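A.B. asks: how does the following fold in three dimensions:
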Amino acid sequence: MRAMAISHDSVTDGTARTTAAGNRAQEAKSQVMAAIGGLVDEGKAEWNHTATGDIELRLLSGEVFMLGEVSVTRVA
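C.D. replies: From the prediction side, this is the model:
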C-alpha cells in the first residue's frame, strides 16, 4: 500500500471549508427559526418543547412539525 502525504495547507483548507459550512448552516438555522418565530408572534402558529427536547410546531392550518437539532419533520 502506498502512503499518501498530506500537506499542512490541505488540512488547513479542509478545516476552513468545514468551519465555513458550519457557519452557513448555523446562519440558515437562525433564519429559519426567526421566520418560525415570526409566525408564532403573528398568531399563525404555536410551538412547545416536547419531553425529548425537540420543538413541536403547530400551524393554525393544521400542520404539525417536529423541529429537531438538524431537521424538520412533518408529523401531521
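A.B. asks: could you pull out the helices in this structure for me?
C.D. replies: 8-41 (DSSP state H).
A.B. asks: where does it dip in pLDDT?
C.D. replies: 1-12 (pLDDT under 70).
A.B. asks: kindly recompute the last result at 90.
C.D. replies: Within the chain, the ranges that satisfy pLDDT under 90 run 1-25, 29, 52-54, 68-71.
A.B. asks: quick check: the closest residue to V75 other than its chain neighbours vs T50, distance?
C.D. replies: Nearest residue to V75 in three dimensions, chain neighbours excluded: V64, at 4.4 Å (CB to CB, 6 or more residues apart in numbering). Glycine gets a C-beta too; all of them are placed from N, C-alpha and C. Going from V64 to T50 by CB to CB, to the nearest Å gives 11 Å.
A.B. asks: name the residues contacting each of the two.
C.D. replies: E56 (CB atoms under 8 Å, 6 or more residues apart in numbering).
A.B. asks: so who does V40 touch?
C.D. replies: With CB under 8 Å, 6+ apart, V40 has these contacts: 46-47.
A.B. asks: distance of V32 relative to R17?
C.D. replies: 23 Å.
A.B. asks: number of residues surrounding the residue nearest to V75?
C.D. replies: 12 (other CB atoms under 10 Å).
A.B. asks: pretty sure it contacts L57?
C.D. replies: Yes - here V64 reaches L57: they are 7.1 Å apart, a contact under CB atoms under 8 Å.
A.B. asks: residues near D54, how many?
C.D. replies: Neighbours of D54 using other CB under 10 Å come to 16.
A.B. asks: so how far is L67 from it?
C.D. replies: Taking CB to CB, one finds D54 at 6 Å from L67.
A.B. asks: now swap in R24 and tell me
C.D. replies: The value you get for R24 to L67, if CB to CB is used, is 19 Å.
A.B. asks: those two - which one has more neighbours?
C.D. replies: Per other CB under 10 Å, whichever of R24 and L67 has more neighbours is L67, with 19 against 10.
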